[in-house]
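>>> give me the fold of what follows.
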Amino acid sequence: MRPAALDWSVENCTIGRAMEILGERWTVVVLREVFSGVRRFDDMRVRTGVPRQVLTNRLSMLVERGVLRREPYREPGSRPRHEYRLTEMGLDLWPVLVALLGWGDRHLADPEGAPLAVTHRDCGAEVRVALRCAEGHDVTAPRDVVPRPGPGARRRA
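Alright, predicted model coming up:
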């Protein structure tokens, strides 16, 4: 049987658009660092080992695309520099990173366990991503979801 998805264009796919921004390893690593409170170029470079030019390019792209913003700072006796802060668009990526962390913990962690725990500040419990439909039902399996054309869907020519 022919999948119904073949009738619809993917030219305006928002997953594809998101991956234009996020689809490179170092981009997600940079975001991990900023979410962890590492906001300065040299600190990111030392902590991650990202080559200088790659880090420069990733930070510039994330600023251009509206995920990060530059905030000036100046250490005494030094030239002015920038820290990188998350915008609202960037903050909205938090559940994506938590989902990637959970997937990595389940399938890729060392035998000793995960190297990072994300916990709720108020109670200390582990934070996980959960899927729910708009009516409030938990969605626990991929087969519980049916992909359908959305309001911006376009038929293939």
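>>> what is the burial count for Gly66?
Neighbour count for Gly66, taken as other C-beta atoms under 10 Å: 12. For glycine as for every other residue, the C-beta is placed from the backbone atoms N, C-alpha and C.
>>> Met89 is in contact with that one, correct?
Yes - the pair Gly66 / Met89 is scored as a contact, 5.0 Å apart, by C-beta atoms under 8 Å.
>>> all the strands of this structure, residue numbers only.
For the chain, the strands defined by DSSP state E occupy 68-73, 81-86, 131-132, 138-139.
>>> buried sites along the first one?
Meaning strand 68-73. By neighbour count with 16 or more other C-beta atoms under 10 Å, strand 68-73 contains the buried residues Leu68.
>>> now tell me what touches that strand from outside.
34, 39-40, 59, 62-63, 80-87, 90 (C-beta atoms under 8 Å, 6 or more residues apart in numbering).
>>> any idea of the angle that strand forms with strand 81-86?
Relative orientation of strand 68-73 and strand 81-86, computed by axes from the mean of the first three to the mean of the last three C-alpha atoms, to 10 degrees: 140 degrees.
>>> in its sheet, what does strand 68-73 sit against?
strand 81-86 (antiparallel) (DSSP bridges).
>>> same check, this time on the last one
Strands that pair with strand 138-139, judged by DSSP bridges, come out as strand 131-132 (antiparallel).
>>> what does the partner strand rub up against?
For strand 131-132, contacts defined as C-beta under 8 Å, 6+ apart pick out 138-140, 145.
>>> columns distance to Gly113 and mean pLDDT on top of the strands of the chain, output as a markdown table?
Converted to a markdown table, those look like this (distance: least, C-beta to C-beta, whole Å; pLDDT from 0 to 100):
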| stretch | distance to Gly113 | mean pLDDT |
| --- | --- | --- |
| strand 68-73 | 31 | 96 |
| strand 81-86 | 28 | 96 |
| strand 131-132 | 24 | 96 |
| strand 138-139 | 26 | 96 |
